[in-house]
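Trainee: okay, predicted coordinates and the sequence, questions at the end:
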Amino acid sequence: MQSMTLEQLRTAREAGGVADVTLKGQGGAFFVQIITRNGSGAVLAKARSSEPRRFGNPAVALSVLRGAGITIGQFDASEWTPAERITTSGTHGRAEALRKAHRAAAYSEWLAAEIQDAADDARPNLSHDEVMTGMDADITALATEHKPTERSVVG
């Protein structure tokens, strides 16, 4: 049996080349079987390979088919075994990777703005020694200001 990507299925449907589609349960997954007008069979494949596209949830498969313009077909769950369902991360792993990429991009954008603000600052630059001298003076002032006093003991 040949394989057909979603884009190829969409094109074949638009050209009138799809005779029938069956959502077939097999083991713990569902597959989309396609019969073309010339009688050849195909299975819906992943976008970048000829490996059959597996659906753990038939509702997702129906949604994909509807998006391709296929609204009528058959359903065969005679070989479906729900206990064999393979749990996969699905798009959760990809979604997390995208969230991380967006956070990294936002941080990079923030950091670039901070660096640009510092570069555009018109105030005179201070050397490390000047900053440390000022910090030492501030620390000494705070320490003497909050120095504990001796309390007299009343006897």
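Mentor: Alright, I've got the coordinates. Numbering: from 1, shown residues only.
Trainee: now the lowest-mean-pLDDT helix or strand in the chain, how far from the centre of its chain.
Mentor: Sorting the helices and strands of the chain by mean pLDDT, DSSP states H and E puts helix 92-120 at the bottom, at a mean of 90. How far helix 92-120 lies from its chain's middle: 16 Å, per C-alpha atoms, centre = their mean, to the nearest Å.
Trainee: and that helix, what does it pack against?
Mentor: Judged by 3 or more C-beta pairs under 8 Å, 6 or more residues apart in numbering; DSSP states H and E, helix 92-120 is in contact with no other helix or strand. Backbone N, C-alpha and C define where each C-beta goes, glycine included.
Trainee: is T140 located within a strand, as I assumed?
Mentor: No - the assignment for T140, made by DSSP: H, G, I helix; E, B strand; the rest coil, is helix rather than a strand.
Trainee: tell me which element the residue lying closest to D76 once chain neighbours are set aside is part of?
Mentor: Residue nearest to D76 in three dimensions, not counting chain neighbours: K24, with 4.6 Å by C-beta to C-beta, 6 or more residues apart in numbering. Here K24, judged by DSSP states H and E, is contained in strand 18-27.
Trainee: now that strand: average pLDDT?
Mentor: Averaging pLDDT along strand 18-27 gives 95.
Trainee: give the pairing partners of that strand; include direction for each.
Mentor: Paired neighbours of strand 18-27 in the sheet (DSSP bridges): strand 29-36 (antiparallel), strand 74-80 (parallel).
Trainee: and the contacts of the last one?
Mentor: In this case it means strand 74-80. D20, V21, T22, L23, K24, G25, Q26, G27, G28, F30, P58 (C-beta atoms under 8 Å, 6 or more residues apart in numbering).
Trainee: could I get the buried residue list for stretch 101-118?
Mentor: By neighbour count with 16 or more other C-beta atoms under 10 Å, stretch 101-118 contains no buried residues.
Trainee: R103 and R13: what is the separation?
Mentor: Note on R103: its distance to R13, by C-beta to C-beta, to the nearest Å, is 40 Å.
Trainee: what's around A77, how many residues?
Mentor: Neighbours of A77 under the rule other C-beta atoms under 10 Å: 13.
Trainee: again, but for S127
Mentor: Quick note: S127 (other C-beta under 10 Å) scores 8 neighbours.
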